[in-house]
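Enquirer: The following block contains a protein sequence and its predicted model.
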Amino acid sequence: MSSPLHRASRRPAPLTAVVALALALLLSACSAAAAGLNSFQSPDGRYAFLYPTGWTRVQVSDGPQVVFHDLINADETLSLVIAEVNPTNSLDDLGSAVAVGEKLRRVVIAPEGSGREAELVEAAEREDGGRTFYDLEYSVHLNDRDRHELATVVVDRGRLYTFAASTNELRWPKVKVLFHQVISSFTLQI
């Protein structure tokens with residue numbers, strides 16, 4: 001026969017159980033938000049972002065500064081283009097989110113004669129770290145398939161950063177949340 005003290009020690013106290021459960025839920029929610037993402041930082045420490053686990057960096061010449069693609073779905077890509085702009089210009093000087101999104105659509109995504117058509121689905125402005133970012137979403141139509149693209153643009157110290165993630169339209173519903181996390185992770189650190 002066990003003593004009353006021994007029986008009580010085998011049952012967790014209700015408050016202890018509630019605290020343990022709350023802590024477990026909090027920790028699992030925090031890890032789920034970053035699950036499936038790896039971090040990348042430029043060698044000079046100027047910028048950083050997250051990219052999906054299972055993606056690999058690809059070296060390109062005369063193109064984007066950084067390119068990653070999915071090993072399984074090779075047409076899913078992530079790229080960073082850095083272009084020089086007037087050092088006195090801010091992102092606002094280049095236009096509103098819609099104006100910059102439309103110019104990017106006409107000049108880069110679907111220039112005349114490219115055989116591509118693109119529609120700016122959404123354009124939004126956000127502040128992060130004292131900088132203005134324009135978050136852009138596109139639907140891109142090619143001759144043989146449709147694609148979906150998210151991008152964010154920011155200007156800093158005479159450089160225009162365009163960070164974009166792209167996939168085929170069939171996969172878009174599956175990767176939408178992940179791509180939004182990746183695009184919004186882009187930060188300037190210096």
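Expert: Perfect, thanks for sending it.
Enquirer: ok, which stretches of this protein are strands?
Expert: Ranges of strands within the chain are 37-41, 47-52, 55-58, 66-70, 77-84, 117-128, 131-141, 146-156, 159-168, 187-188, based on DSSP state E.
Enquirer: quick one: contacts for the nearest residue to residue 120 once chain neighbours are set aside?
Expert: Distances taken as Cβ to Cβ, 6 or more residues apart in numbering place residue 101 nearest to residue 120, at 4.6 Å, with adjacent residues excluded. C-betas here are computed from N, CA, C, even on glycine. By Cβ atoms under 8 Å, 6 or more residues apart in numbering, the residues touching residue 101 are 120, 123, 134, 136, 138.
Enquirer: Show me what the third one bridges to in the sheet.
Expert: Residue 134 has the following beta-bridge partners by DSSP bridges: residue 125, residue 153.
Enquirer: I'd say it and residue 122 touch.
Expert: No. Here residue 134 lies out of contact with residue 122, judged by Cβ atoms under 8 Å, at a distance of 10.6 Å.
Enquirer: out of these two, which sits in the more crowded spot?
Expert: Neighbours per residue (other Cβ atoms under 10 Å) separate residue 134 from residue 122, with residue 134 holding more: 25 against 12.
Enquirer: any weak-confidence spans in this structure?
Expert: By pLDDT under 70, the low-scoring segments of the chain are 1-35.
Enquirer: Residue 159 contacts residue 80, doesn't it?
Expert: No. Assessed by Cβ under 8 Å, residue 159 is found out of contact with residue 80, at 11.0 Å.
Enquirer: Noted, bye for now.
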